[in-house]
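# Could you look at this predicted model? Sequence included:
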Amino acid sequence: MAARRKTRGGRWPRLRAAARWAGVHVRTGATALGLRGALLIGLGVAALWGAGAAREYVGRMPRFRVYPGRFRAKAPAWCADDLAAVAFPRQSYSIFDPALTREVAAAYARCPWVASVLKVEKRFPNELRVELELRQPAAFVRLPGASHAIDTNAIRLPLAYHKWDHAGRPLPLVFGVRSDPPPAGTRWADRRVTAAASVLTTLAGDPSVLKQIHVIDVANLDGGVDPLRSEIQLFTRQRVRINWGRPPDTRKFGEPPAHAKLARLRRFLAQAVGSSSSIDLRFPDDGELARQ
C-alpha cells in the first residue's frame, strides 16, 4: 500500500522510473533504426547508380547502338525517297535510351507523307520496328505553270506531277482553284480545294467510277460564275460531262444525297455512253422519284 502512495511532490516513483527507462530505449531504438534506414537508403542509391552506370556502359557498345537513319520504312516508290531523307535529332541511340522511340516518332511525324505514326517499337539488341499511316495522292490541282498533289483531306503532298505514273494510275485534275498552294503537309484551306476533296472522298467509295474521272471543275462553286449552272462539273476520260451539283460536304438541301448520286453515276457509266453524253445529278431520276 505504501508503494502506491504519491510522494510529497505529487509524483509516482515507479511511473517516473518507467518513463525514464522507456525514454532511454526509445532513443536507442530510434538511433538504431535511423542508422539502418540510412544504410538501406545508401545501398539503394548505390544500386541505382550502379545499374545506371552499367546500362550506360552497355549502351555504348556497338551491339546495342541504334542508327535510325539506316532503317527504311516500307513505302511506295513515290514517297520512299522523302521518308529515307527524314532527319533525326541524333545519328545513333542506345537501345536503352528512353528518348529513342519518342524522338524517332516525332521525326517521322514531321514528314508531309505521314498521316500518323502508328508504332515505334524497340527490338533488341539494335533494331526498330516502325509502322506509319501514309497519305495517298488523290488528285492534282492545276494552277498556271504547275500542278500540286493533294489527298482526300485536301492535304498538299510533295509530289511532282512528272514523277507520277499517269499511265498506270491516273489521277483526276482539279480546275478552277485560284489560291496559292500551302506548304507540303498542310491542309489547303481553300473552299474550292476542300469541295473537290469531298467529291474525291465520295468517288473513292467506288474505284471503278473514280478511275474514269479525268477533271473536277470547281470554278463555279457557290454559283460564282453562273448560279444556274452546276457548282461542280466532272468530265470522264471519254469526255462525258457530269453535272455533280453541290459538294458533298454542303449543308444545303434540295439535291439528292452524295451516295445516291454515286449510285446513279455508276449505273450511267456502266452503259455504252458516247463522248457527247452527259448526266445531271442535281435532280433525281424517274426511278428515284418513284421511290420517294
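Structure received. Residues are numbered from 1 along each chain as shown.
# lowest average confidence, helix or strand, in the protein?
Least confident helix or strand of the chain, by mean pLDDT, DSSP states H and E, is helix 286-291 with a mean of 45.
# how about low-confidence regions in the stretch 101-250 of the chain?
Along the stretch 101-250 of the chain, segments meeting pLDDT under 70 are nowhere present.
# mind listing the strands for it?
Assigned by DSSP state E, counting those that start in this stretch, the strands in the stretch 101-250 of the chain fall at 114-123, 127-134, 139-143, 146-150, 156-157, 173-175, 213-217, 232-236, 241-245.
# Nearest to residue 190, out of these?
When those are ranked by distance to residue 190, counting by C-beta to C-beta, first place goes to strand 139-143 at 8.9 Å. Every C-beta, even on glycine, is put in place using the N, C-alpha and C of the backbone.
# Using CSV, list the CA coordinates for that closest one.
Extracted C-alpha coordinates of strand 139-143, given in CSV (Å, rounded to 0.1, in the frame of the first residue of the first chain):
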residue,chain,number,x,y,z
ALA,A,139,-5.7,14.4,-107.4
PHE,A,140,-3.6,17.1,-108.9
VAL,A,141,-4.7,20.8,-108.5
ARG,A,142,-3.9,22.6,-111.8
LEU,A,143,-2.5,26.1,-111.4
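# Residues contacting that strand, please?
The contact list for strand 139-143 (C-beta atoms under 8 Å, 6 or more residues apart in numbering) reads 147-150, 161, 164, 171-175, 177, 180-181, 188, 193, 196-197, 200, 216.
# of these, buried ones?
By neighbour count, with 16 or more other C-beta atoms under 10 Å, the contacts of strand 139-143 hold 147-150, 164, 171-175, 177, 181, 188, 193, 196-197, 200, 216 as buried.
# bridging residues for residue 215?
Here residue 215 sits in beta bridges with residue 173, residue 235, going by DSSP bridges.
# pretty sure it contacts residue 237?
No: contact criterion C-beta atoms under 8 Å: residue 215 and residue 237 do not qualify, at 9.1 Å.
# These two - which one has more neighbours?
Per other C-beta atoms under 10 Å, whichever of residue 215 and residue 237 has more neighbours is residue 215, with 19 against 12.
# how far away is the more buried one from residue 118?
Applying C-beta to C-beta, to the nearest Å, the value for residue 215 to residue 118 is 35 Å.
# Quick check: buried residues in stretch 107-126?
Neighbour counts over stretch 107-126 (16+ other C-beta under 10 Å) mark 107, 108, 111, 112, 113, 114, 115, 117, 120, 122, 126 as buried.
# Let me have those residues in TSV, adding distance to residue 248 as columns.
Formatted as TSV, the buried residues of stretch 107-126 follow (distance: C-beta to C-beta, whole Å):
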residue	distance to residue 248
107	36
108	32
111	29
112	25
113	26
114	26
115	21
117	30
120	36
122	43
126	49
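# And those, which is closest to residue 243?
Comparing every one of these with residue 243 (C-beta to C-beta), the shortest separation belongs to residue 115, at 32.6 Å.
# Bridged to the nearest residue to that closest one once chain neighbours are set aside, which residues?
Closest residue to residue 115 apart from its sequence neighbours, by C-beta to C-beta, 6 or more residues apart in numbering: residue 133 at 4.5 Å. Counting by DSSP bridges, residue 133 is bridged to residue 116.
# What count of nearby residues applies to residue 133?
With other C-beta under 10 Å as criterion, residue 133 counts 10.
# Surely it is in contact with residue 111?
No: at 11.6 Å, residue 133 and residue 111 do not qualify as touching, with contact defined as C-beta under 8 Å.
# contacting residues around the residue nearest to residue 115?
Taking C-beta under 8 Å, 6+ apart as the criterion, residue 133 is in contact with 114, 115, 116, 117, 118.
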